[in-house]
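> coords please:
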Amino acid sequence: MDERKVLVERRGAVQVITINRPSARNALDAEVATAVAAAVDELDADDQLRAGVLTGSGGTFSAGMDLKAFLRGESPSLPGRGLCGITRTPPRKPLIAAVEGWALAGGFELVLACDLVVAGRTARFGVPEVKRSLVAAGGAALLLPQRVPRAVALELLLTGEPIGAERAAAAGLVNRLVDEGDAVDAAVELAGTIAANGPLAVAATKRIVQEAPGWAPEEAWARHDEVTAPVFTSEDAREGSTAFAERREPVWRGR
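This next block holds a predicted model:
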């Protein structure tokens, strides 16, 4: 096994980020946080990358914060950016969580920082903080009610009990449920489908979905048009229409 705590690879236009601490159930320490943040910064900065996948090695997504590292004074949060640099400032490009096994506490909050979720059938999700008189302050208390029905979010947050992948899918948290061991490949396939689309359009669409809940009703359409107008006047928009008319695959320039 590679000794690096975070592995980064490219599969075409898709970046795959793997938390690589299987002996510690992929617990999050400062080194992991810094490496994940650097990877998503690369994802956003590199025009050849169109989407990302975040996963864990050894059949576990992540058990959350490394408590031993915490006692040494380490934190897996980056100032102003949150857990692993993505819970408060997620990447501009789409990020998909590929979940096998446990996604607990901070590990689950990393899942919630992703846009889409692919999970193996034996995956389990939980926020057990209240069992230790703690609050899921890495994003779950804030973000989970936006992803699943309020009653389901409150059950998870207030009981601290986990749920399985089948129920998570039924609640709308998981986009694709796959056989155990297939989550990464399925997530890369899904990311590839996204990556084939116009990058300007994808980025603008994600931005609207993220920001619109904070827009005042009287300004929502104006803000919406500010984001979408540059896409419609871009070279890529003309290329998309031209490629459709010529019955060929488009060649995106990102401009």
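> May I have the top helix by length along the chain exported as CSV, CA atoms only?
In the chain, assigned by DSSP state H, the helix with the most residues is helix 30-45. The C-alpha coordinates for helix 30-45 follow below in CSV (Å, rounded to 0.1, in the frame of the first residue of the first chain):
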residue,chain,number,x,y,z
ALA,A,30,-4.1,17.6,9.4
GLU,A,31,-2.0,15.9,6.7
VAL,A,32,-5.1,14.3,5.1
ALA,A,33,-6.9,17.6,5.3
THR,A,34,-4.1,19.5,3.6
ALA,A,35,-3.7,16.9,0.9
VAL,A,36,-7.4,16.7,0.1
ALA,A,37,-7.6,20.5,-0.1
ALA,A,38,-4.7,20.6,-2.5
ALA,A,39,-6.3,18.0,-4.7
VAL,A,40,-9.6,19.9,-5.0
ASP,A,41,-7.7,23.1,-5.7
GLU,A,42,-6.0,21.2,-8.6
LEU,A,43,-9.3,20.0,-9.8
ASP,A,44,-10.6,23.5,-10.0
ALA,A,45,-7.4,25.0,-11.5
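> ok, then the element right after it?
strand 51-56 (DSSP states H and E).
> That following strand packs against which elements?
Packing contacts for strand 51-56, counted by 3 or more Cβ pairs under 8 Å, 6 or more residues apart in numbering; DSSP states H and E, involve strand 14-19, helix 30-45, strand 95-99, helix 183-195. (C-beta placed from N, C-alpha, C; glycine too.)
> any idea which of these is most buried?
Of the helices and strands packed on strand 51-56, the one with the most neighbours on average (mean count of other Cβ atoms under 10 Å) is strand 95-99, at a mean of 29.
> Quick check: mean pLDDT of the helix or strand encompassing Val231?
Taking DSSP H and E as the definition, Val231 sits inside helix 220-232. In this model, helix 220-232 carries a mean pLDDT of 95.
> Only the buried residues of that helix, if you could.
Of the residues in helix 220-232, 223, 231 count as buried by neighbour count, 16 or more other Cβ atoms under 10 Å.
> now swap in stretch 237-253 and tell me
In stretch 237-253, counting by 16+ other Cβ under 10 Å, buried: 239-240, 250, 252.
> How about residues contacting that stretch?
Defining contact as Cβ atoms under 8 Å, 6 or more residues apart in numbering, one finds that stretch 237-253 is touched by 198-201, 231, 235-236.
> one more time with 7 Å, if that's ok
By Cβ atoms under 7 Å, 6 or more residues apart in numbering, the list of residues contacting stretch 237-253 from outside reads 198-199, 231, 235-236.
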